[in-house]
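K.L.:
Give me the fold of what follows.
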Amino acid sequence: MSLYQRFFLPRLIHLAMKHKLLRERRAKVVGGAHGEVLEIGIGSGLNLPFYGEAVRQVVGVDPSAELLAMARRNAARAALPVELVCRSAERLPFRDASFDSAVMTWTLCSIADPAAALREIRRVLKPGAALFFVEHGLSCEPRVAAWQRRLTPLWRPLAGGCHLDRRIGALVGAAFAHVHVDAFYIDGPRFLTYLYEGRASN
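P.N.:
Here you go, the predicted structure:
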């Protein structure tokens, strides 16, 4: 791992994900969670202030030890129990049907095998439990999508493996039986700001 990946990238991710435009989306997505919650890609813990009284505990998974060190500081101020696990989402260390809800915010773009991660999330959710998510991905506009495909090979090494051109709706739909997704732009460069927000369950 390079110095950039170890020391600079986690701080850049933290600063970028703190942007005020993302707070409304976080609050909406996290607000659906209840009970025992699995958060995939918890990062520096920016979602923790948005969990409500319906949540008993959050178990946050992230492969970055540096981001988890930041998350521990946020967890210490949280109003609910938080457990942090340094692990990639493709192989989760939890029993089948362990969680009442799962949350994923701007995470699926950087997981090496997103299909495997989604299968694992489905496995550890209880029957009828839901995954609440917001992700950025491939635009519905052909011109923007073409630029996303061109830029992804250059963008990935700078942004921790982030893909600009993943078909988030199709990926989630392949893993879960029932999916509702809204897709829209928020303010900012169009190659970065086409969002997929929704809920998935079996």
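
K.L.:
And the contacts of the strand ranked longest in the chain?
P.N.:
Scanning the chain for the longest strand, with DSSP state E as the assignment, gives strand 125-136. Outside strand 125-136, the residues within contact range by CB atoms under 8 Å, 6 or more residues apart in numbering are 25-26, 28-30, 32-33, 38, 97-109, 121-122, 164, 166, 168, 172, 176, 192-202. Using the backbone N, CA and C atoms, a C-beta is placed for each residue, glycine as well.

K.L.:
ok and the next helix or strand after that strand relative to strand 125-136, angle-wise?
P.N.:
Next helix or strand after strand 125-136 toward the C-terminus (DSSP states H and E): helix 142-158. Angle between the axes of helix 142-158 and strand 125-136 is 100 degrees (criterion: axes from the mean of the first three to the mean of the last three CA atoms, to 10 degrees).

K.L.:
list the buried ones in helix 142-158?
P.N.:
Val144, Ala145, Trp147, Gln148, Thr152, Trp155 (16 or more other CB atoms under 10 Å).

K.L.:
and which of those residues is nearest to Ile13?
P.N.:
The nearest member of the buried residues of helix 142-158 to Ile13, counting by CB to CB, is Trp155 at 13.3 Å.

K.L.:
which residue sits closest to that closest one in space, ignoring its chain neighbours?
P.N.:
Nearest residue to Trp155 in three dimensions, chain neighbours excluded: Leu164, at 5.8 Å (CB to CB, 6 or more residues apart in numbering).

K.L.:
what's near enough to touch that neighbour?
P.N.:
Counting by CB under 8 Å, 6+ apart, Leu164 makes contact with Cys109, His136, Gly137, Leu138, Gln148, Arg149, Leu151, Thr152, Trp155, Phe191, Leu192.

K.L.:
Need these in CSV (columns: pLDDT and distance to Ala54).
P.N.:
Converted to CSV, the contacts of Leu164 look like this (pLDDT from 0 to 100; distance: CB to CB, whole Å):
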residue, pLDDT, distance to Ala54
Cys109, 96, 28
His136, 98, 27
Gly137, 98, 28
Leu138, 98, 33
Gln148, 98, 36
Arg149, 98, 40
Leu151, 98, 39
Thr152, 98, 37
Trp155, 95, 37
Phe191, 96, 36
Leu192, 96, 32
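
K.L.:
Which one of those is nearest to Asp62?
P.N.:
Out of the contacts of Leu164, the member with the shortest distance to Asp62 (by CB to CB) is Cys109, at 14.1 Å.

K.L.:
Tyr185 - how many residues pack around it?
P.N.:
16 (other CB atoms under 10 Å).

K.L.:
Touching, it and Leu192? I think so.
P.N.:
No - look at Tyr185 against Leu192 with CB atoms under 8 Å: they stay out of range, at 9.7 Å.
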